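**Q** Provided below for reference: sequence and predicted model.
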Amino acid sequence: MPMNFDRTLRSLEAPDARGLTVTLVVALALLAGWTAWLFAGSVPLYESTDAARVEVQAAAYPVSSTVEGRVVRSALALGTVVARGDVLVEIDAEPQRLSLAESRARLRGVEQRIAALRVERRNAAEALREQARAADIGAAQARSTAEEAQLRAAAAEREAATLRQLMAHGSVSRAEWERAETEARARRASAQALALAASRAVAEGRVQGDDRGTRVAELDRQIAEGLGQAAVERAVARSLEHAGELRRVRAPVAGRVADAGPLNPGMVVRAGDTLASIVPEGRLRVTAEFPATALGRLRPNQRARMRLDAFPWTEYGRIRGRVARVAREPRGNLIRVEILLAPGAETSVPLVHALPGSVDVEVERVTPATLLLRTAGAPRRRSPPGPARGEP
């Protein structure tokens, strides 16, 4: 007998009010969540560049030759650790060495001649002093002898005068007076001769002193000339030593040889040729070049991250840091930016100088709604929102 399923069919045809309510609640929740994220969420904006690399904060130093010549020895090898002042390349300096030896030989000859002249001058000066003392003594002795003769002559004259008076009174004979008079005249003449001899001794001593003084002055002149020649030879020697030193290419700083071309003995280098570069030890940083359109958006202390070209970031991670300095004047339509690495930056790559990569700098954070408005008003915006180049 047939059964009546009207109530069952009506219940199947009626809508499920409870399921509809759940669906509506979920949809409203999702809409509310998306709306809240749209106006309250935060999306980072990045300036990116592929022109970046890891560098030592102290710039690499070029090793250049300042002269032209033939290489006789080279110690340049990639990766070699050098100290400041180490001789890296020696250029043939045989002509300079020969000229230096010749100059030093001339200098030794001049110095020996100066030493001999100084000895002679010392002896001449001592002889001049001795001669002056002897002349003074001789002159004093001659003057004393002349004074003594004058005194004796005066005494003889007084005695002759006395005998003349006595002769007038008949006390002595004329012969006695004449003898006394002759003796007085002889003593006067002798005194005059001794006085002239004393004057001559003084004059002769002065002449001899002048001659010896002239010899001392001549020796002084020769010594001065010798000193001038020695100074010239020393200057020539220093110039040749400097020229020889220029043919020793030394390390300007302590560090590691980062670049060096083949340089074998016998090769000829020209003045100004860069032979190698040395990277000093020091803290690493990242340098990047951004388009000039990023000027004003890049500022110090902004967060940055770098991905190395040779190491996939998904496996080796990224290098994190903060912007330290930003150039204020573009060069070649590019802006140089320096980024300091964060302490303990997470990466399993041993960082070395000159590793290339790309850099993203977070320039600001905006809400999705603001980003939509900007996108609608500026569809050609260059700064992509969110993680660049497909990063999550």
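**A** Great, that's in hand.
**Q** Can I get stretch 278-292 in PDB? Just the C-alpha atoms.
**A** This file holds the C-alpha atoms of stretch 278-292, laid out as PDB (Å, rounded to 0.1, in the frame of the first residue of the first chain):
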ATOM      1  CA  ILE A 278      95.500  45.300  -1.500                       C
ATOM      2  CA  VAL A 279      92.400  45.000   0.700                       C
ATOM      3  CA  PRO A 280      93.200  45.900   4.300                       C
ATOM      4  CA  GLU A 281      91.700  43.900   7.200                       C
ATOM      5  CA  GLY A 282      88.700  45.600   8.800                       C
ATOM      6  CA  ARG A 283      84.900  45.600   9.300                       C
ATOM      7  CA  LEU A 284      82.800  44.700   6.300                       C
ATOM      8  CA  ARG A 285      80.000  46.900   4.900                       C
ATOM      9  CA  VAL A 286      77.700  46.900   1.900                       C
ATOM     10  CA  THR A 287      77.900  49.500  -0.800                       C
ATOM     11  CA  ALA A 288      75.100  49.900  -3.300                       C
ATOM     12  CA  GLU A 289      74.200  52.300  -6.100                       C
ATOM     13  CA  PHE A 290      70.600  53.300  -6.500                       C
ATOM     14  CA  PRO A 291      68.900  55.200  -9.300                       C
ATOM     15  CA  ALA A 292      68.900  58.900  -8.800                       C
END
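**Q** Go ahead and flag the most central residue of the protein.
**A** Nearest to the mean C-alpha position of the chain, by CA atoms, centre = their mean, lies residue 252 at 10.5 Å.
**Q** Contact partners for it?
**A** Residue 252 is in contact with 61, 63, 84, 278, counting by CB atoms under 8 Å, 6 or more residues apart in numbering. For glycine as for every other residue, the C-beta is placed from the backbone atoms N, C-alpha and C.
**Q** For the nearest residue to the third one once chain neighbours are set aside, give me phi and psi.
**A** Think residue 84. Using CB to CB, 6 or more residues apart in numbering and skipping residues adjacent in sequence, the residue nearest residue 84 is residue 254, 4.7 Å away. Main-chain dihedrals, residue 254, degrees, to the nearest 10: phi -80, psi 140.
**Q** Strands - which of the contacts of residue 252 land there?
**A** 61, 63, 278 (DSSP state E).
**Q** Select from these the one having the most neighbours.
**A** The most neighbours of any of these, using other CB atoms under 10 Å, belong to residue 278, which has 25 neighbours.
**Q** Against residue 144, how distant is that one?
**A** The gap separating residue 278 from residue 144 is 88 Å, by CB to CB, to the nearest Å.
**Q** Ok, residue 259 next?
**A** Residue 259 is 95 Å from residue 144, where distance means CB to CB.
**Q** So between these two, which is more surrounded?
**A** Set residue 259 next to residue 144 and count neighbours by other CB under 10 Å: residue 259 wins out with 16 against 12.
**Q** looking at it, the more buried one is touching residue 277, isn't it?
**A** Yes: contact criterion CB atoms under 8 Å: residue 259 and residue 277 qualify, at 4.4 Å.
**Q** would you list the ones in strands among the contacts of residue 252 in TSV and tack on pLDDT and distance to residue 156?
**A** Below are the ones in strands among the contacts of residue 252 laid out as TSV (pLDDT from 0 to 100; distance: CB to CB, whole Å):
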residue	pLDDT	distance to residue 156
61	83	104
63	88	104
278	86	106
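**Q** quick one: residue 122 is in a helix?
**A** Yes: with DSSP: H, G, I helix; E, B strand; the rest coil as the criterion, residue 122 is located in a helix.
**Q** how close does the nearest residue to residue 352 once chain neighbours are set aside sit to residue 150?
**A** In this structure, residue 352 finds its nearest non-sequential neighbour in residue 54, 7.1 Å apart by CB to CB, 6+ apart. Residue 54 is 110 Å from residue 150, where distance means CB to CB.
**Q** and if you look at residue 94?
**A** For residue 94, the distance to residue 150 - CB to CB - is 83 Å.
**Q** Ok, residue 226 next?
**A** 53 Å.
**Q** Between the two, point out the one with more neighbours.
**A** residue 226 (20 against 17).
**Q** check contacts around that one.
**A** Shown in contact with residue 226 (CB under 8 Å, 6+ apart): 110, 113, 114, 117.
**Q** And what about it, helix, strand or coil?
**A** helix.
**Q** I'd like the distance between it and residue 116.
**A** 9 Å.
**Q** swap in residue 60?
**A** Per CB to CB, residue 60 is found 57 Å from residue 116.
**Q** now residue 187
**A** For residue 187, the distance to residue 116 - CB to CB - is 54 Å.
**Q** What is the burial count for residue 102?
**A** 14.
**Q** give me phi/psi at residue 221?
**A** Backbone geometry at residue 221, expressed as degrees, to the nearest 10, gives phi -60, psi -40.
**Q** burial of it, as a residue count?
**A** Neighbour count for residue 221, taken as other CB under 10 Å: 11.
**Q** list the contacts for it?
**A** By CB under 8 Å, 6+ apart, residue 221 has no neighbours at all.
**Q** Pull out the buried residues from stretch 319-339.
**A** 319-321, 323-324, 326-327, 330, 334-335, 337-339 (16 or more other CB atoms under 10 Å).
**Q** avg pLDDT for that stretch?
**A** Averaged across stretch 319-339, the pLDDT comes to 90.
**Q** hmm, back to that, mind giving me CSV with the buried residues of stretch 319-339 and columns for secondary structure and distance to residue 104?
**A** Shown next, in CSV, are the buried residues of stretch 319-339 (DSSP: H, G, I helix; E, B strand; the rest coil; distance: CB to CB, whole Å):
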residue, secondary structure, distance to residue 104
319, strand, 58
320, strand, 62
321, strand, 57
323, strand, 59
324, strand, 54
326, strand, 57
327, coil, 53
330, coil, 57
334, strand, 55
335, strand, 57
337, strand, 56
338, strand, 51
339, strand, 56
